[in-house]
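> this one's sequence-less:
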């Protein structure tokens, strides 16, 4: 009899994930779990390899999740998310995570190969962690597409607006989050980019870090970056750049436009330290680049790699060489002519795909899928805005667990 009752509990537990934790669905590809509240979003942790979808905008400013430590990141380093999450173009607002002593922090703590995260926004987030911290994912090995985030993210190292540590594909994604790191590897979009690809994506948030800090990517360790840009101001120590802090990443079609400052060495408008790989069709149109040594208007220190068909808009107040140290060449100077970089018929823009890039003629180019994040008349004062959605909930997280506990207590009292 006890075995039969145990079997009943197992069956009830599996079915209750659907009945009590989500609106509908069974977690399969043809019938994903439906999520309409932040509590249900938290309940993804009950079944990390299932299919999920949002059915409306979600507000995470609810009493059980808006006080420290806040939302519990989905999955962890030993049991990462391996499922499929489709946001259906909805928003998750007011995500709050305050776990400063914890590694792997974000809406998703850790994701593994085969997982898919797509088509939604996380707006007005406040995320605090230690190592591998991002608004969307702490450490990513999933395929991410059509994801946008805004808010603030703080951590020690491997801190990014979207992803802290990236090891897979990111496409058509963006971050306007302000990034602050007390240690190494911080970036407006990605903190540490490891033999992965990012394309058709950008960052507009300011970045404050220490060593290896970039407007888009802190450390580009292999892989590729294609059709990318960063417009935020960047502040760091050694190896600080408007696009990359450190680049050993093949990079094609992109630009940076923010100010770059450091109290240390290896500082550049595009790249702080250039290790290797090819860098093609890039440009820098920022204002001030400053540091203590090995400071270049394009690259701080160039150890290897090459530039092809890349440009810089030189301003009259600039007294820096294009390269702070190392090999030179591959970059063409345009003097005080910002309009050159607004016209798709000019280099290095002529080979940029106009199905991907939008050229308005009065602002810097941007990725066509998104609304234009770049200001008219060219300014570094980027307007970052997002709408908060109100959708309160009184559900309890892990609702099915409460039901099972109640059944067990009733059974033993009955005995």
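Received the coordinates, thanks. What you see is a predicted model, and the numbers here were worked out from it, not measured in a lab.

> Low-confidence regions, the chain specifically.
Applying pLDDT under 70 to the chain flags residues 1-20, 377-415.

> How about the contacts made by the residue nearest the centre of it?
Centroid check for the chain by Cα atoms, centre = their mean gives residue 162 as the closest residue, at 1.3 Å. Residue 162 sits next to 134-137, 144, 147, 149, 170, 173-175, 177, 189-190, 203 when contact means Cβ atoms under 8 Å, 6 or more residues apart in numbering. In short, each C-beta sits where N, CA and C put it, glycine included.

> Isn't residue 188 up against residue 173?
No - here residue 188 does not reach residue 173: they are 11.9 Å apart, not a contact under Cβ atoms under 8 Å.

> between those two, who's got more neighbours?
For residue 188 versus residue 173, neighbours defined as other Cβ atoms under 10 Å are more numerous around residue 188 (35 against 28).

> For the more buried one, which non-adjacent residue is closest in space?
Spatially, and ignoring its direct neighbours in sequence, residue 188 is nearest to residue 203 (3.0 Å; Cβ to Cβ, 6 or more residues apart in numbering).

> just residue 303 next, same as before
Nearest non-adjacent residue to residue 303 (Cβ to Cβ, 6+ apart): residue 275, at 5.4 Å.

> Confirm that residue 339 sits in a helix.
Yes - with DSSP: H, G, I helix; E, B strand; the rest coil as the criterion, residue 339 is located in a helix.

> For it, the count of nearby residues, please.
The burial count for residue 339: 12, using other Cβ under 10 Å.

> Against residue 113, how distant is it?
Using Cβ to Cβ, to the nearest Å, residue 339 is found at 45 Å from residue 113.

> Need the nearest residue in space to residue 22, chain neighbours excluded.
residue 33 is the one closest to residue 22 (Cβ to Cβ, 6+ apart), at 4.1 Å.

> that older thread, what about the contacts of residue 162, which are in strands?
Of the contacts of residue 162, the ones assigned to strands by DSSP state E are 134, 137, 144, 147, 149, 170, 174-175, 190, 203.

> Among the residues you listed, which one lies nearest to residue 297?
Closest approach between the ones in strands among the contacts of residue 162 and residue 297, by Cβ to Cβ: residue 203, at 20.7 Å.

> ok, now how distant is that closest one from residue 225?
To residue 225, residue 203 is 11 Å away according to Cβ to Cβ.

> Those two: who's more crowded?
residue 203 (33 against 29).
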